[in-house]
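Student: from the sequence below, what's the structure:
(one chain, ligands or ions: 1)
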Amino acid sequence: ATYDKPDDVPNIDWDFIIVGGGTAGSVLANRLSENSQFNVLVLEAGPTNRKVTDSIVPGLEGELANTLYDWNYTTIPQRGLNNRSLTLRRGHILGGSSSINGMIYTRGSSSDYNRFAEYSGDPGWGWDNIQQYLRKHEKFEDPVDNHNTTGQYDPAIHSTTGRVPVTLPGFSFPQVDRLAIQASEQLGGDFQYNEDMNSGTPLGLGWVQYTIGHDGTRSSAATAYLDDKARARKNLHIVTNSRVTRVLPDPNTKALTIRTVEVRVSETSNPVKFTASKEVILSGGTIGTPFILMHSGIANADKLRESGIKPLLDNRSVGRNLSDHFFFEVSFNVVPNSLDLGHWGNLSGDPALRAEALQIWNKNRTGPYVEPVPYAHLAWTRLANNITEKFGDPSSGPNSAHLEFRMGAVSPTAYDVIAVVVSPVSRKSTSNYPWITIMMLGAPGGTLAIGSNNPFDEPMIDPGFYTSDFDLVAAREALRSAFTFASAPVFQNVITGVAVPFTNATTDSEIDNILRNITGTGLHPIGTASMSPQGANWGVVDPDLTVKNVTGLRIVDASVMPFVPCAHPQVATYVIAERAADLIRSAWKRT
Ligand SMILES: Cc1cc2nc3c(=O)[nH]c(=O)nc-3n(C[C@H](O)[C@H](O)[C@H](O)COP(=O)(O)OP(=O)(O)OC[C@H]3O[C@@H](n4cnc5c(N)ncnc54)[C@H](O)[C@@H]3O)c2cc1C
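Tutor: Down below sits the predicted model:
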């Protein structure tokens, strides 16, 4: 059943309460309620995903920014970015960020998962073991336009029996696609063709895959895991517009036990409480989960006291270790009419064309709106060894990338350039948890946005881009690689030169200043409630994702990843949630 306010929820003995019906939360809701013995309650702060056209139509993804469906976070001014603040979008809707994201489907490298396993001491997070969860999660389908996909992906490594529809681009500019493939053939090396970047070895250039179905609609955790069949289960109850402000301790137990949540619809509404007999599972995401923990008194006790919050448990890792990707765009001017974009050349700039694209999508689910901005190819590359030797290697191993390039004849603002979007994988410091980035509870000498103890205040988010030498060196190298790509002979009669703002930049310091002015967040923050080995005195959760030194509380979302994978992280999030469901079910089978 679904409800749109907590007051309507019937009085039931809950086994599990899931906080956040986002990417991971929706997976858990489905998998745990497969057992009809378990009563499952999902509390989601945002509204329903149903009938939200901008979420359903892939081409309208950009329209979701800064709406009711977005938490609309802003980072604190970034020292490394000439003091600019960045917008940090997060889904505020059933399905969470999977309902508003860019739908790019990338698994990362095998060593990304093997590093999770080694770091946590649990081989279950390794690449071999997660294959079963990839199979449960993915449902590969033919692309919308039914084109011949031979050589564009490797069917042997994809599942057609999971829940989330995934496909290849179903709308393309064939001439532009040929240019990318020819450039790959001509350049080889970093840009050599990789038939399927989701094999565990992502390096090279290949075709992008999307969480979009054969029917040309977005597949999200909500559409795939909270479908009509799941919603009809008598033991699954989903309530939207319900913001969890705190989790509360059981006053009757000696050891810290947390199975109660406090919910408020608005800042002025009365709190409503729900209690689970088995577990409360936090799936509020990389920002939402540590935010709830902090307001509940689980974080650095000194910082909590400074904010007027009574500490329950002193855990200095909560909210730290945030890692994200950063990105910038490099555009190249082209010879007029050298790109064959047919009718759609000015899609992003012409409202009439956009209306037409939507009309076509509505009529038969085809046309340019079957995709977000149509980048047909991605490339994943590594930095040179002399750089990683000097600055350390933030990647998980030699088959893992440092840089991602998204290439196409499109940029978010124009279709008449060759655009290469570059996402260097951000630096991850080598020691444990030094990279504080959600500084909700105070930077040294700073003031706090939640010093008021008000869970409706904004968190202070600090991704810390370009505060280490590595970041700028990596970004400069990424820019050089983009130039290398554009120098492929196949572009000789197409590209006339790099566009603004890089046109006249020659020295490192000029380039650095531009990078500081244009770099944004890749929208991939992870790690603020990271897993660590069982019994470690750092980290937030054990490898089974139970919160350290607390009974009854688990965390399942992107915040538990100790490292950001060399990938857009939704697949890793889905996989973590699928495995977590197994861990939870087996934990409660034994009792
Ligand atoms: C605009 C955008 C584009 C992206 N593009 C891509 C992409 O193309 N490919 C890719 O792989 N990844 C992409 N990502 C990242 C990816 O979507 C996320 O990493 C992933 O979905 C995170 O899943 P999660 O379960 O951790 O959090 P979320 O999916 O964000 O779920 C958290 C849920 O908890 C709810 N919540 C939070 N706090 C509370 C509270 N106090 N009470 C109740 N509910 C609460 C939220 O409303 C939300 O529904 C993108 C993200 C964004 C925002």
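Student: give me the phi and psi angles of the residue of the stretch 1-150 of the chain found nearest the ligand.
Tutor: Going by CB to the nearest ligand atom, the ligand is nearest to residue 22 of the stretch 1-150 of the chain, at 1.8 Å. C-beta here means a position set from N, CA and C on the backbone, and glycine is covered the same way. Dihedral angles of residue 22 (phi, psi; degrees, to the nearest 10) stand at phi -90, psi -150.
Student: before we move on, what about residue 496?
Tutor: Residue torsions, per degrees, to the nearest 10, at residue 496 are phi -100, psi -20.
Student: which parts of this structure sit against the ligand?
Tutor: 19-25, 43-46, 89-92, 96-98, 100-104, 243-244, 283-286, 288, 292, 523-524, 557-558, 568-570, 573 (CB under 6 Å from any ligand atom).
Student: did I read that right, residue 268 in a helix?
Tutor: No. Residue 268: not assigned to a helix; according to DSSP: H, G, I helix; E, B strand; the rest coil it is coil.
Student: need the contact list for it.
Tutor: Residue 268 sits next to no residue when contact means CB atoms under 8 Å, 6 or more residues apart in numbering.
Student: residue 175 against residue 342, yeah?
Tutor: No. Between residue 175 and residue 342 there is no contact under CB atoms under 8 Å: 9.3 Å.
Student: okay, these two: which has more neighbours?
Tutor: residue 175 (14 against 9; other CB atoms under 10 Å).
Student: what's the helix or strand for that one?
Tutor: Using DSSP states H and E, residue 175 maps to helix 174-187.
Student: need the residues that contact that helix.
Tutor: 191-193, 204-205, 339-341, 376-377, 379, 407-409, 418, 484-485, 488-491, 494.
Student: show me the strands in the stretch 51-200 of the chain, by range?
Tutor: Under the criterion DSSP state E, counting those that start in this stretch, strands of the stretch 51-200 of the chain are mapped to 73-74, 87-88, 138-140, 164-166.
Student: list the buried residues in the longest strand along the chain.
Tutor: Longest strand in the chain, counting residues (DSSP state E): strand 272-282. Going by neighbour count (16 or more other CB atoms under 10 Å), the buried part of strand 272-282 is 272, 274, 276, 278-282.
Student: so which of those residues comes closest to the ligand?
Tutor: The nearest one, if we look at those relative to the ligand and count by CB to the nearest ligand atom, is residue 282, at 8.6 Å.
Student: for that closest one, give me its contacts.
Tutor: 19-20, 247, 289, 292-293, 529, 553-557.
Student: any chance of a markdown table for these, columns neighbour count and pLDDT?
Tutor: Converted to a markdown table, the contacts of residue 282 look like this (neighbours: other CB atoms under 10 Å; pLDDT from 0 to 100):
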| residue | neighbour count | pLDDT |
| --- | --- | --- |
| 19 | 30 | 99 |
| 20 | 29 | 98 |
| 247 | 25 | 98 |
| 289 | 27 | 95 |
| 292 | 23 | 95 |
| 293 | 28 | 95 |
| 529 | 32 | 93 |
| 553 | 27 | 98 |
| 554 | 25 | 98 |
| 555 | 27 | 98 |
| 556 | 30 | 99 |
| 557 | 32 | 98 |
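Student: tell me how many other residues surround the residue of the stretch 1-150 of the chain closest to the ligand.
Tutor: 34.
Student: same thing with residue 406?
Tutor: Residue 406: 21 neighbours (other CB under 10 Å).
Student: so what does the helix or strand encompassing it touch, helix or strand wise?
Tutor: Assigned by DSSP H and E, residue 406 belongs to strand 403-408. Contact partners of strand 403-408 among helices and strands, from 3 or more CB pairs under 8 Å, 6 or more residues apart in numbering; DSSP states H and E: helix 174-187, strand 377-381, strand 417-424, helix 469-486.
Student: could you find the closest non-adjacent residue to whichever residue of the stretch 301-450 of the chain sits closest to the ligand?
Tutor: Here the stretch 301-450 of the chain gets closest to the ligand at one residue, residue 372, 7.5 Å apart by CB to the nearest ligand atom. Spatial nearest neighbour of residue 372, chain neighbours left out: residue 61 (4.4 Å); criterion: CB to CB, 6 or more residues apart in numbering.
Student: mind checking the end-to-end distance for stretch 33-53?
Tutor: Stretch 33-53 has an end-to-end distance of 28 Å (criterion: CA to CA, to the nearest Å).
Student: pLDDT of that stretch, averaged?
Tutor: Stretch 33-53 carries an average pLDDT of 98.
Student: swap in stretch 361-379?
Tutor: 91.
Student: buried ones in that stretch?
Tutor: In stretch 361-379, counting by 16+ other CB under 10 Å, buried: 361, 365, 367-379.
Student: in strands only, show me the residues you listed.
Tutor: Per DSSP E, the buried residues of stretch 361-379 map to strands at 377-379.
Student: please enumerate the helices of the stretch 301-450 of the chain.
Tutor: 301-306, 351-364, 385-391 (DSSP state H, counting those that start in this stretch).
Student: so which of those helices is the most surrounded?
Tutor: helix 301-306 (a mean of 17; mean count of other CB atoms under 10 Å).
Student: for that helix, the distance to its chain's centre please.
Tutor: Chain-centre distance of helix 301-306: 30 Å, with CA atoms, centre = their mean, to the nearest Å.
Student: switch to numbering from 4
Tutor: Sure thing, new numbering starts at 4, so read that last one as helix 304-309.
Student: ok and the residue in the stretch 404-553 of the chain nearest the ligand?
Tutor: residue 526 (4.0 Å).
Student: ignoring the adjacent residues along the chain, who's closest to that residue?
Tutor: That would be residue 92: by CB to CB, 6+ apart, it lies 5.8 Å from residue 526.
Student: picking that back up, parallel or antiparallel, list what pairs with the strand holding residue 409.
Tutor: strand 380-384 (antiparallel), strand 420-427 (antiparallel) (DSSP bridges).
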